[in-house]
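Participant: test case, fold it:
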Amino acid sequence: MFIATLIASDSLAAGEISAAMDRLEAAGCSPVAQGWIEQGKAADIAFGLASDAARTALEGAFPGVDVVVQQAEGREKKLLVADMDSTMITVECIDELADYAGIKPQIAAITEAAMRGELDFEGALDARVALLAGLDEAVIERCLAERVTIMPGAVALIGTMRARGATAILVSGGFTRFAEPVAAQIGFHRAIANRLEIAGGVLSGTVTKPIVGSDTKLQTLLAAMAELNLPPEATLAVGDGANDLAMIRAAGLGVAYHAKPVVAAAADARIDQGDLSALLYAQGIPRAEWVVA
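Facilitator: Model prediction:
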């Protein structure tokens, strides 16, 4: 049995659920039941056949509504591996550091191309960090305080999953000086990221090797699965850029969050409308059961 979860960024009407049932019927998916997770916000439709056809029939069909299609069994996950920049926080930290150096447009263009999969991530990171050579180390803390904002829904997502026995790991192609405090603030068990090299109080323009990139994210997911003795279907991975693709493909539920087209096309599910709390509704957890502190 499969579940299609409709999650509204604003409000979900009973008529939209009925229309979704009709679309699934027309697509040959054999819908059998529907019910609210939370009245007016999120609902489940159970169906028996053709999950790919269900995604095609439902994704983008209702304005302001995200759709997650998955196996009904095991929908509540026990491991979350998440990206940081533009996923758990609202910015790309390296772009914001570049703004203090007066070169944000130059670095942001490289970041965008790398996240779209148009450039090799490791090479692009080296190139961008090299442009920051000589930047005062104190700018890092200033950037963290002034620019880094936690993504809406992040605290509820991690707090609720942890309270229900899940493990949460932040794996970032960004930097430890951001990832470690962000992970602590949100509530992750641990954070893995790149280490900026600093000498004499200024950035050296290099990061410690090996670079945390796509393979690190994948291997972190696989190692945690093995350590926790979890099957793939008990895992969730979420990110927005091309360096998240490997872990998204390997997870039981791989989610593209407000993602670049190459990621959205490859993921099991897309969250384009709502915030990270959509991933709680996708697991069948209503707001009354969320843990936010």
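Participant: any chance you could map the strands in the stretch 1-150 of the chain?
Facilitator: Taking DSSP state E, counting those that start in this stretch as the criterion, the stretch 1-150 of the chain contains strands spanning 2-8, 31-38, 42-47, 65-71, 79-82.
Participant: just list what the second one packs against, helices and strands only.
Facilitator: I take that to be strand 31-38. Here strand 31-38 touches helix 14-26, strand 42-47, going by 3 or more Cβ pairs under 8 Å, 6 or more residues apart in numbering; DSSP states H and E. C-beta: built from backbone N, CA, C; applies to glycine.
Participant: send the alpha carbons of the shortest one over as CSV?
Facilitator: Think strand 42-47. Extracted in CSV, the C-alpha atoms of strand 42-47 (Å, rounded to 0.1, in the frame of the first residue of the first chain):
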residue,chain,number,x,y,z
ALA,A,42,-2.3,18.0,5.6
ALA,A,43,-4.1,14.8,4.5
ASP,A,44,-3.3,11.3,3.4
ILE,A,45,-4.7,9.3,0.6
ALA,A,46,-4.1,5.5,0.6
PHE,A,47,-3.8,3.8,-2.8
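Participant: strand partners (parallel or antiparallel) of that strand?
Facilitator: strand 2-8 (antiparallel), strand 31-38 (antiparallel) (DSSP bridges).
Participant: most packed of the strands of the stretch 1-150 of the chain?
Facilitator: Stretch with highest mean neighbour count among the strands of the stretch 1-150 of the chain: strand 79-82 (a mean of 27; mean count of other Cβ atoms under 10 Å).
Participant: run me through the strand neighbours of that strand, direction for each.
Facilitator: strand 167-175 (parallel), strand 235-239 (parallel).
Participant: just those: most buried one?
Facilitator: Ranked by mean neighbour count, those are led by strand 235-239 with a mean of 29 (mean count of other Cβ under 10 Å).
Participant: and the contacts of that one?
Facilitator: 77-83, 87, 217, 221, 224-225, 244, 247-248, 250-257, 259, 263, 276, 279 (Cβ atoms under 8 Å, 6 or more residues apart in numbering).
Participant: picking up where we left off before, a markdown table please, covering the helices and strands packed on strand 31-38 and showing distance to Cys93.
Facilitator: As requested, the helices and strands packed on strand 31-38 are exported to a markdown table (distance: least, Cβ to Cβ, whole Å):
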| stretch | distance to Cys93 |
| --- | --- |
| helix 14-26 | 38 |
| strand 42-47 | 31 |
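Participant: which one of those lies closest to Ala53?
Facilitator: Ala53 sits nearest to helix 14-26 of all the helices and strands packed on strand 31-38, at 8.3 Å, using Cβ to Cβ.
Participant: could you give the angle of the closest one to strand 42-47?
Facilitator: Orientation check (axes from the mean of the first three to the mean of the last three Cα atoms, to 10 degrees): helix 14-26 against strand 42-47 gives 20 degrees.
Participant: ok, how many other residues are close to the closest residue to Leu132 other than its chain neighbours?
Facilitator: Leaving aside its chain neighbours, Leu132 sits nearest to Leu203 (5.0 Å; criterion: Cβ to Cβ, 6 or more residues apart in numbering). Neighbour count for Leu203, taken as other Cβ atoms under 10 Å: 23.
Participant: what does Asn194 give?
Facilitator: 25.
Participant: let's number from 6 now, not from 1
Facilitator: Yes, from this point I'll number from 6; that puts the last item at Asn199.
Participant: rewinding a little: as JSON lines, the strands paired with strand 84-87 with distance to Ile163 and mean pLDDT would be great.
Facilitator: Formatted as JSON lines, the strands paired with strand 84-87 follow (distance: least, Cβ to Cβ, whole Å; pLDDT from 0 to 100):
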{"stretch": "strand 172-180", "distance to Ile163": "5", "mean pLDDT": "98"}
{"stretch": "strand 240-244", "distance to Ile163": "11", "mean pLDDT": "98"}
